[in-house]
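Colleague: Okay, structure incoming, though there's no sequence with it:
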């Protein structure tokens, strides 16, 4: 069983819809990262969370440490949001990221 | 500030050969991490360097090695290439490499082994 599980694997939405991507992890973590990867491979860091909630523009990330669960929300989705979204956990004092398998998001106009 | 750069961007090698990939971090960043991304295994951590020392290593065979120079630039080397080493290799830099540092990713080197 992977230590970091993401769902769904694929998600298709209409422009304007509210989107939620989920990430569950089985180990104690010190931080959780949400990443965005566009076709061609470039990865951008969206959020780093150790507790609570963060917001940046139309993106919101939350984490519940007790339930070992994090969510990434996109409000008013747009075709340019189409990408792979990856969560990555940092376990304990380790300095390495353990990645989920990613969610392929497609937003249709 | 210039971003993380990786060279070369694309590489084709033959099974049994060796390859060296290069990563230049953002100026002032002292930590460089390397990752392998394949369709089957997804993203996996290879190793992390800080101040010329390998601090952390993922679960990869000894054919995968790396080093970091005094200017924080890093190289990774794969010897005796296998077909399964075909992947996108990404490096990421951060200030100190702590759990709470944001990582900045390079564009990657796409390695094809034939």
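Modeller: Noted; the coordinates are in hand. All values derive from a computational prediction rather than experimental measurement. Residues are numbered from 1 along each chain as shown, chains lettered A, B, ... in the order given.
Colleague: After the lowest-mean-pLDDT helix or strand in chain A, which helix or strand is next?
Modeller: Taking mean pLDDT, DSSP states H and E as the measure, the helix or strand of chain A with the lowest value is strand A:97-99, at a mean of 90. Downstream of strand A:97-99, the first helix or strand assigned by DSSP states H and E is strand A:103-108.
Colleague: now for that following strand, which elements pack on it?
Modeller: strand A:10-14, strand A:19-25, strand A:83-91 (3 or more CB pairs under 8 Å, 6 or more residues apart in numbering or on different chains; DSSP states H and E). C-beta coordinates here come from the backbone N, C-alpha and C atoms, glycine included.
Colleague: what about 6 Å?
Modeller: In terms of contacts (3 or more CB pairs under 6 Å, 6 or more residues apart in numbering or on different chains; DSSP states H and E), strand A:103-108 is packed against strand A:10-14.
Colleague: can you tell me the average pLDDT over the strand it packs on?
Modeller: For strand A:10-14, mean pLDDT rounds to 97.
Colleague: before we move on, what about stretch B:18-36?
Modeller: In this model, stretch B:18-36 has an average pLDDT of 96.
Colleague: check whether that stretch contacts chain A.
Modeller: No - applying CB under 6 Å from any CB of the partner chain, one finds stretch B:18-36 separated from chain A by no less than 7.3 Å.
Colleague: And for the least confident helix or strand of chain A, what's in contact with it?
Modeller: With CB atoms under 6 Å, 6 or more residues apart in numbering or on different chains as the test, strand A:97-99 has contacts from A:3, A:4, A:86, A:88, A:89, B:42, B:43, B:45.
Colleague: Please convert those residues to CSV, extending it with neighbour count.
Modeller: Formatted as CSV, these follow (neighbours: other CB atoms under 10 Å in any protein chain shown):
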residue, neighbour count
A:3, 14
A:4, 24
A:86, 26
A:88, 25
A:89, 27
B:42, 18
B:43, 22
B:45, 21
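Colleague: now, which of the residues you listed sits nearest residue B:97?
Modeller: Using CB to CB, residue B:45 comes nearest to residue B:97 of the contacts of strand A:97-99, at 12.1 Å.
Colleague: before we move on, which element is the closest one in?
Modeller: Assigned by DSSP H and E, residue B:45 falls within strand B:42-50.
Colleague: So in that sheet, which strands flank the following helix or strand past that strand, and in what orientation?
Modeller: Using DSSP H and E, the helix or strand that directly follows strand B:42-50 along the chain is strand B:53-57. Note on strand B:53-57: by DSSP bridges, its sheet partners are strand B:42-50 (antiparallel).
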